[in-house]
Structure formats: C-alpha cells, structure tokens
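# The sequence isn't on hand, but the structure is:
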C-alpha cells in the first residue's frame, strides 16, 4: 500500500439560502493491491459543510476529480479528536449506491467520453473509535479490514 494523494480538498458544500458554503477536508488516497482507499478527514469548525452531511456529493466529486474506479473504491470518514468536538476520534467505512449519470460514448470526432458516476444513499459502519487511536498505527489494520470485506 502506498499513499498517492495527501491534500486539502476544497468543494462547495450545501450552504444556505445565501449560497453554497466553501468547504474543505483533508483528503488522503491510498493504492493497495486490490482497492483504492480514500480517507476524508473533517477539519472541524469553520471548514464548511461536514464530510458526513456531504458524503455522497463529496464522494462523487473526488471520484470524478481523481478518475477513481468506483468498483475498487473504499471510502472512510475520519473525525479526529479536537477541542471543538466532545466525541472521541473515529473512522467509519461508508458504503454508497452508485449510479451512472452519463455512460461513456463516442462523440462525432470519435473521442470516448468519460463515464460519470453519482454516489448516493450513504451507509456508515464504525471501524475504529476511541481516545487511543493513532492513525499511522491503525491505518494498516483499516486497510487489512477493508481488503477482507471487499
């Protein structure tokens, strides 16, 4: 397993009647022998729409922006422990229903367009939670677990 992306990812969250909120999260993408593991970490207060409230939209955007294969995707939400949250650090596996918005097709110039996927109906499954989590130590266990369930 090796990390291929580690960045702050920006998107337009749901917002309110005055427009969509600028939102951001920590995005880490790992390539394994069998899967692509995406870990989105919430950045807490002031980072816009939460990764949970925007899970399906965020997954759709990341898959499109990084050209990820939905059939090999493992999506994990991470909430670090922070002073603004009273909950312990947690990692959750999120499963989605996947729809094809626009299938690939040949244009008049014989150019193959990309398939566009839409993710919806997120379902969460707790992987790790508690005060003793250390991401580096537990990431290998998360990857092993994710490889077992797929």
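Now that the structure is in, tell me what you want to look at. As the structure is a prediction and not an experimental result, all values here were calculated from the model.

# Dihedrals phi and psi, residue 70?
As for residue 70, its main-chain torsions (degrees, to the nearest 10) stand at phi -60, psi -30.

# That one contacts residue 62, doesn't it?
No: with contact defined as C-beta atoms under 8 Å, residue 70 does not reach residue 62; the gap is 10.9 Å. From N, CA and C alone the C-beta is placed, and that goes for glycine too.

# Of these two, give the one with the bigger neighbour count.
Set residue 70 next to residue 62 and count neighbours by other C-beta atoms under 10 Å: residue 62 wins out with 21 against 18.

# Which residue, other than its chain neighbours, is closest to the more buried one?
Of all residues not flanking residue 62 in the chain, residue 38 sits nearest, at 6.2 Å (C-beta to C-beta, 6 or more residues apart in numbering).

# Relative to residue 58, how far out is that neighbour?
Counting by C-beta to C-beta, to the nearest Å, the separation of residue 38 from residue 58 is 10 Å.

# out of those two, which sits in the busier spot?
The residue with more neighbours, out of residue 38 and residue 58, is residue 58; 27 against 23, by other C-beta under 10 Å.
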